[in-house]
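Q: I would like the atomic coordinates for the input below:
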Amino acid sequence: MYKVIIADDHMPVLEYLRAKLPWEELGLELIAACSDGEEALQACKSQPPDILITDIGMPIMNGLELIEEARKLNPGLKTVILSCHEEFHFAQQAVKLNVNDYILKETMHIEQLSDIVNQLILQLEKEKAIQNDHQKLQAIVSHGLSSLKTTFLQSLIDQPLWDEKEWEQRAESLGIHLTAGGRYLPVLCKLERFSDLEDRFGGAHQIRFVAENALNESVQMADPIVLTLNERTFYILYPFPKSIKVNTKGMITDDLLMVQKKFLRSLKIGVSFYLGEGFDSMTTLKKQIRLLLNTQTFRFYSGEHCILNVQPMEPTENELFVHYIEAVNDMRKGIQSDDAELLKSMVGKWSKHIESQRYPVDSVRGWVLKIVSDIELKYSVIHHFLTNYNAELLQQKIYAMDTLDHLGDWLYHFLIDKMDSVRVSKDQSIRKEIAEAQRYVHMHLNEKIGMDEMARRLNLNPTHFSRIFKKETGETFVEFVTKRKMEKAQELLDKSNQTIEQISQELAYDNSSYFNKLFRAYSGMSPNEYRKNI
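A: Numbering: from 1, shown residues only. Predicted coordinates:
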């Protein structure tokens, strides 16, 4: 609803307008009825209106002065003047202020004012539509420019510079002015804990959109250029003229610190910045871009939320896997102790050891993956744990972590979850056969799993198996299988682009209508509705 303020020092007029105009019917909200111009101006400052209806002759501040001041707050304000004066000079002033209409109180009737207000609403709607179209066009242009910058950056990294003049022209079209002696400082921007951000923002594309816009809005110093390589990697090119008197690099660092704080405060996104060296040609730009990109070891061991000059860092040639048995024993001891602080100290001990030695990054990730896989296997066998363990997904998750801090935190929480599972298993006495049946279901959700077939696998009578399964778990075997399959269906709807038909087939349902029926019974909505809600 559009907001309206009325102002008149004659109370009967105020009451008449307040009572007679069908505000809600017209799609309007009367937010203030004021008896003088100063009171009306304060109301405009508190809640800027879309339409102002005002008398001219009021104490303290007249209507024309009110309109002039209110327009400073909202240049698109629509205004209607009410007056007892027919003098030409008032009408002249009103024209100069672009007043939308001028009504004499002596001849005013409510239908006339309603018609005028309706015309103003149509104008507001038209202006709103034009503004929306303009914003959409700006978004399209912005998206197109972003894509051009990404293509330029990827080509610069991958392709040779056969014709430097041609590359300079491409850079010039994107605002990188090297032909006129321009000089820049490149800064690599990396988002922290990207896998966590994907879950929170609903996908990598959304993160790219949010982070790129936030960088363009947050970076304040001297018209920098923001280039996006991919969803987690951005470059900022700061103008960097040579100067002995001005500490430009220090000013850039201060600007980056402010950007870092804004990202954390507004978006809850951690970000690190790595500064390269100044460049003034396409050759040195390419060299700096590639140098900053190939800083895997430096980033891994530099920690999170940092602003650093990039330095060469060579990994050790020592072998991390010679410590494998000791580390696994430490982790198991921590799990069995049921002591979170002991587990934390164990993870901290090995994180410090790895940091002090600076082992190759992929060697550290592989070492953690093997520890986690062995612990998962050991405890699932000994304690009959039910697990959604997937070696490929686990490997993808661990190898996506690009700092030791993130990897250490993740390992600690993995071990805490395992410790909690051990504690629960000690308090429960689930039969081995039931645990085996549950584990089989988890590992074979892509197959048809019948109760009779499962009973045969366990060398049990189907009736006996059915009875003990219900007794141990509180649900029938069929109910258990259906629940697990529907949980998997939700995961696939959330994290894959597969069609409903494909998901149905993957979970071994030949009839997609039957699958839809089961899904609705489980979740309260159809698969399509569930995906739309996500």
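Q: Now find how far off-centre stretch 311-325 is within its chain.
A: Distance, stretch centre to chain centre, for stretch 311-325: 35 Å (Cα atoms, centre = their mean, to the nearest Å).
Q: nope, stretch 450-463 is what I was after
A: Offset of stretch 450-463 from its chain centre (Cα atoms, centre = their mean): 48 Å.
Q: And the contacts of it?
A: Residues outside stretch 450-463 that contact it (Cβ atoms under 8 Å, 6 or more residues apart in numbering): 433, 436-437, 440, 464-466, 477-478. The C-beta positions use only the backbone N, C-alpha and C, and glycine is treated the same way.
Q: do that again at 7 Å, thanks
A: 433, 436-437, 440, 465-466, 477-478 (Cβ atoms under 7 Å, 6 or more residues apart in numbering).
Q: Including neighbour count, distance to D50 and pLDDT, could those go into TSV?
A: Output for the contacts of stretch 450-463, formatted as TSV (neighbours: other Cβ atoms under 10 Å; distance: Cβ to Cβ, whole Å; pLDDT from 0 to 100):
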residue	neighbour count	distance to D50	pLDDT
E433	20	72	81
E436	14	69	85
A437	25	66	89
Y440	14	65	88
F465	22	71	89
S466	18	69	90
F477	23	64	93
V478	13	61	93
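Q: Which member of these is positioned nearest G63?
A: Distance to G63, by Cβ to Cβ, is smallest for V478 among the contacts of stretch 450-463, at 77.3 Å.
Q: which one is that closest one nearest to, not counting chain neighbours?
A: Take V478 and drop its neighbours on the chain: the residue closest to it by Cβ to Cβ, 6 or more residues apart in numbering is M451, 6.3 Å away.
Q: Need the pLDDT of that neighbour.
A: Among the per-residue scores, M451 holds a pLDDT of 91.
Q: how near is it to L404?
A: 48 Å (Cβ to Cβ, to the nearest Å).
Q: More neighbours: those two, which one.
A: Neighbour count, other Cβ atoms under 10 Å: between M451 and L404, L404 has more, with 22 against 18.
Q: What's the separation between that one and L292?
A: 19 Å.
Q: Now do the buried residues in stretch 176-184.
A: 176-178, 182-184 (16 or more other Cβ atoms under 10 Å).
Q: now the residues you listed as CSV including pLDDT?
A: Output for the buried residues of stretch 176-184, formatted as CSV (pLDDT from 0 to 100):
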residue, pLDDT
I176, 86
H177, 87
L178, 85
G182, 81
R183, 89
Y184, 92
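Q: Can you tell me the closest non-neighbouring residue to Y399?
A: With Cβ to Cβ, 6+ apart as the measure, R365 is the residue that lies nearest to Y399, at 5.3 Å, once sequence neighbours are left out.
Q: Touching, the one you found and I398? I think so.
A: Yes - at 5.2 Å, R365 counts as touching I398 under the criterion of Cβ atoms under 7 Å.
Q: Tell me which of those two has more neighbours.
A: I398 (21 against 18).
Q: Just list the residues touching that one, thanks.
A: By Cβ under 7 Å, 6+ apart, the contact list for I398 reads 365, 368-369.
Q: wait, isn't E29 in contact with K3?
A: Yes - counting by Cβ under 7 Å, E29 does reach K3; the two are 5.3 Å apart.
Q: Looking at the two, which one has more neighbours?
A: K3 (17 against 14).
Q: Could I get the contacting residues of that one?
A: K3 makes contacts with 29, 31, 47, 49-50, as judged by Cβ under 7 Å, 6+ apart.
Q: Test for you: state the pLDDT assigned to D133.
A: Predicted confidence (pLDDT) for D133: 69.
Q: Out of the contacts of K3, the closest to Y509 would be?
A: E29 (52.3 Å).
Q: Just give the closest residue to the closest one, not the sequence neighbours.
A: M1 (4.5 Å).
Q: State the distance from that neighbour to K45.
A: Between M1 and K45 the computed distance is 20 Å (Cβ to Cβ).
Q: Repeat that for E38.
A: E38 is 11 Å from K45, by Cβ to Cβ.
Q: Likewise for I289?
A: Note on I289: its distance to K45, by Cβ to Cβ, is 49 Å.
Q: do K268 as well
A: Distance, K268 to K45, using Cβ to Cβ: 33 Å.
Q: A helix includes K72, no?
A: Yes - assessed with DSSP: H, G, I helix; E, B strand; the rest coil, K72 lies in a helix.
Q: can you pull the pLDDT of it?
A: pLDDT at K72 comes out at 89.
Q: try I371
A: I371 is given a pLDDT of 91.
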